[in-house]
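Colleague: here are the coordinates; sequence isn't available:
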């Protein structure tokens, strides 16, 4: 894919508690916050956002790191360009205190900003509530945002934080005990959390999904895809189920996972407004 101009998205700033980040918005209907994986809002992340928009939602993409619209594939900018794309995003994350990348049992400060964004978009867009989809680096953010009762449809895709460098961290979440307790209470009251990962993904390990099942019980619906179902054209091992490793064809397991994600938003955000 080539770079995406994102001309069908409106770009505007959102500020909360002294922090400002650009936000890309498109569509009408209840809001869904789509949070990009590293290295940022790639063309495939934007394509996913458009799929969410096309079911009848307002898709909202916070531009937290990277260069929005830039294709990280070496075929677009060469190997040196691809490396610079990844390094730029990583550098932005490492120096920004809004992101907690190593600590277990801590909610990243940027989640406070994301919760405020969701509340703002709910007031702006209406509907019964808001959806949130996080991927890889931002995967756990969708869960942390669910402490707010306006968040009705969280989707946790290949959550990679804290980095799974030890057995303890593989069974950890980037979520404070207080926030986890609040999400657990909401799940007991009817909230459903959808999760997606590849079975062999070591970045988003199986232990983490096992922990989510233990903590959230039947309210956590984990979709685990066989690694052989990943798009073979992707440059990295199976990880990004809805973007880089998606095979967008009927009958493909990754497409079925995407359809389940879209149905999750339909059932919780659109069916209630019909």
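Modeller: Arrived safely. The structure displayed is predicted, hence computed values, not measured ones.

Colleague: neighbours of residue 209, how many?
Modeller: 22 (other C-beta atoms under 10 Å). All C-beta atoms are positioned from the backbone trio N, CA, C, and that covers glycine.

Colleague: my guess is it meets residue 222, correct?
Modeller: Yes. Counting by C-beta atoms under 8 Å, residue 209 touches residue 222, with 4.8 Å between them.

Colleague: what is in contact with those two at once?
Modeller: 195, 197 (C-beta atoms under 8 Å, 6 or more residues apart in numbering).

Colleague: quick one: residue 35 and residue 132 touch, right?
Modeller: Yes. If you go by C-beta under 8 Å, residue 35 and residue 132 touch, sitting 7.2 Å apart.

Colleague: run through the strands of the stretch 101-250 of the chain in chain order.
Modeller: 130-135, 151-157, 193-198, 220-225 (DSSP state E, counting those that start in this stretch).

Colleague: what are the ranges of the helices in the stretch 1-150 of the chain?
Modeller: In the stretch 1-150 of the chain, the helices defined using DSSP state H, counting those that start in this stretch lie at 43-54, 74-95, 110-125, 139-144.

Colleague: which elements pack onto the third one?
Modeller: Helices and strands touching helix 110-125, by 3 or more C-beta pairs under 8 Å, 6 or more residues apart in numbering; DSSP states H and E, are strand 10-16, strand 19-26, strand 31-35, strand 58-62, strand 130-135, helix 139-144.

Colleague: go on, the first one?
Modeller: The criterion is 3+ C-beta pairs under 8 Å, 6+ apart, and the helices and strands that helix 43-54 contacts are strand 19-26, strand 31-35, strand 58-62, strand 130-135, helix 253-265.

Colleague: can you redo these as TSV with mean neighbour count?
Modeller: Listed next are these as TSV, based on neighbours: other C-beta atoms under 10 Å:
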stretch	mean neighbour count
strand 19-26	17
strand 31-35	27
strand 58-62	25
strand 130-135	29
helix 253-265	19
